[in-house]
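# predicted model, plus sequence, below.
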Amino acid sequence: MNVIVANKNKALLENLGIDIIKEMNGEFEVDEIISTFQNFFYQRMILDITAIKDYKNISNLQKLSISLNMEKVILLLDGTDATSNPVFLSNLVSMGIYNFAKNVEGIQYLYNTPNTYRDVAQFHHLDSSFGNATLAQQQPSQFIGPISDNEVQPEFYGTRVIGVKNVTKQSGATSLVYMMKKELSKHYSVVAIEVDKTDFNYFKDKDMVCTVTSEVGSVINKYKDKNVIIIDINNSLVAEGFCQDVLYLIEPSIIKLEKLIAMNAVALQGLKGKKVILNQSLLSKNDVANFEYETRLKVFYNLAPLNEREKKLPELNNLLVKLGFSKQQSDI
């Protein structure tokens, strides 16, 4: 079931032909929208941008992107220069808002085929964030166009960019990135990047750096001479879009899985065909087979709990081999 939050475009949204469980009409403070839907289960939210009070202030949309799952939100723009200029669109992408449209046809397309970062990368300029400025007040000379071939983008060349992301809460992504970086560094030049958090600081390793979503592309460029870049994605959809491979970590304990499903009943459906890692797992082969049958997922690797202080981690090296690193180089 879906929800609609509408204002000036209410009439436009009346004939979408989708099931509606809740509808709000009028102009609302962004905090009111967040409090209403933060713990409300829905399939998609169709959000008329004019329903957000002071929507031209990018900080209000940033609040939404932090508090709501923007993968489930389709933002209907108002068609004005204020929300159609390149700076505004680039800021949407920087905040992980990929599904935006200007008409009913666009909404219907995104409802069935949601965008990923790669679908909107042409709108993204990594230096176009203006913080809390009201974009409608920016001068035209400050509008930065879509990415072109001669503008700053991550340039991978021979670099392997691997992302690691927790699916169940606190499934060990940060520690796994640390151990992967430590193992691969024995034979490759490697850097690890953490996005939107600073836990890497505790490792006191100069090749483990922290950054934020709006700067992750520039940081990747800085280390494009490395053989391997490993990214602790956290919740950054932008960072995820830059990765050539992403490992999705699930800790397969009953309580972790039940909590995940309670928060989002379809959370596992989006992982079909992706590299699913059972991390910190004590499951047997039969248990893994049962997990795959029940979830309809193919497990890429079943990784037992690791001791990050150990100098040799053969189980982790087996995973690295499966990721394409040669056995001779990774099997220490």
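Everything's here; your move.
# going forward, measure contacts and count neighbours with C-alpha atoms only.
Will do.
# wait, a helix at S218?
Yes. Under DSSP: H, G, I helix; E, B strand; the rest coil, S218 falls within a helix.
# could you measure from it over to G96?
17 Å (CA to CA, to the nearest Å).
# SS state for the closest residue to L260 other than its chain neighbours?
Leaving out its chain neighbours, the residue that sits closest to L260 by CA to CA, 6 or more residues apart in numbering is T168, at 6.0 Å. Under three-state DSSP, the three-state class of T168 is coil.
# and T168, what are its phi and psi?
phi -80, psi 150 (degrees, to the nearest 10).
# so between S218 and G96, which is more surrounded?
G96 (23 against 17; other CA atoms under 10 Å).
# what number of residues lie near the residue nearest to that one when sequence neighbours are not counted?
Leaving aside its sequence neighbours, G96 sits nearest to L237 (CA to CA, 6+ apart; 5.4 Å). Applying other CA under 10 Å, we find 20 residues neighbouring L237.
# ditto for D287
By the measure other CA under 10 Å, the count of residues near D287 is 12.
# what of the one 5 residues further on?
Number of residues near E292 (other CA under 10 Å) recorded here: 13.
# then the helix or strand harbouring it to PDB, C-alphas only?
Per DSSP states H and E, E292 falls inside helix 285-295. Extracted in PDB, the C-alpha atoms of helix 285-295 (Å, rounded to 0.1, in the frame of the first residue of the first chain):
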ATOM      1  CA  LYS A 285      25.700 -26.000   5.300                       C
ATOM      2  CA  ASN A 286      22.200 -27.400   5.900                       C
ATOM      3  CA  ASP A 287      21.300 -24.200   7.800                       C
ATOM      4  CA  VAL A 288      22.500 -22.100   4.900                       C
ATOM      5  CA  ALA A 289      20.500 -24.200   2.500                       C
ATOM      6  CA  ASN A 290      17.400 -23.600   4.700                       C
ATOM      7  CA  PHE A 291      18.100 -19.900   4.800                       C
ATOM      8  CA  GLU A 292      18.300 -19.800   1.000                       C
ATOM      9  CA  TYR A 293      15.100 -21.700   0.700                       C
ATOM     10  CA  GLU A 294      13.200 -19.500   3.200                       C
ATOM     11  CA  THR A 295      14.500 -16.200   1.900                       C
END
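# could you say what helices and strands that helix packs with?
Packing contacts for helix 285-295, counted by 3 or more CA pairs under 8 Å, 6 or more residues apart in numbering; DSSP states H and E, involve strand 299-302.
# listing partners with orientation, what would you give for the strand it packs on?
strand 275-278 (parallel) (DSSP bridges).
# same question for the strand it pairs with, mean pLDDT?
Here strand 275-278 scores 95 as its mean pLDDT.
# and stretch 199-217, by the same measure?
The model assigns stretch 199-217 a mean pLDDT of 91.
# try stretch 174-191
Stretch 174-191 comes out at a mean pLDDT of 94.
# what comes up buried for that stretch?
174-185, 189-191 (16 or more other CA atoms under 10 Å).
# what of stretch 106-123?
Buried, per 16+ other CA under 10 Å, within stretch 106-123: I107, Q108, L110, Y111, P114, N115, T116, Y117, V120, A121, Q122, F123.
# may I have that stretch as PDB, with CA atoms only?
Below are the C-alpha coordinates for stretch 106-123, written out as PDB (Å, rounded to 0.1, in the frame of the first residue of the first chain):
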ATOM      1  CA  GLY A 106       7.400  10.100 -14.500                       C
ATOM      2  CA  ILE A 107       5.800   9.000 -11.300                       C
ATOM      3  CA  GLN A 108       4.300   5.900 -12.800                       C
ATOM      4  CA  TYR A 109       7.600   4.900 -14.400                       C
ATOM      5  CA  LEU A 110       9.500   5.400 -11.100                       C
ATOM      6  CA  TYR A 111       6.800   3.500  -9.200                       C
ATOM      7  CA  ASN A 112       7.600   0.400 -11.300                       C
ATOM      8  CA  THR A 113      11.300   1.000 -12.000                       C
ATOM      9  CA  PRO A 114      13.000   3.000  -9.200                       C
ATOM     10  CA  ASN A 115      16.200   4.800 -10.100                       C
ATOM     11  CA  THR A 116      19.600   3.900  -8.800                       C
ATOM     12  CA  TYR A 117      22.600   6.300  -8.600                       C
ATOM     13  CA  ARG A 118      23.700   5.300 -12.000                       C
ATOM     14  CA  ASP A 119      20.400   6.500 -13.500                       C
ATOM     15  CA  VAL A 120      20.800  10.000 -12.100                       C
ATOM     16  CA  ALA A 121      24.600  10.400 -12.100                       C
ATOM     17  CA  GLN A 122      24.400  12.800 -15.000                       C
ATOM     18  CA  PHE A 123      22.700  15.300 -12.600                       C
END
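# cool, thanks, signing off.
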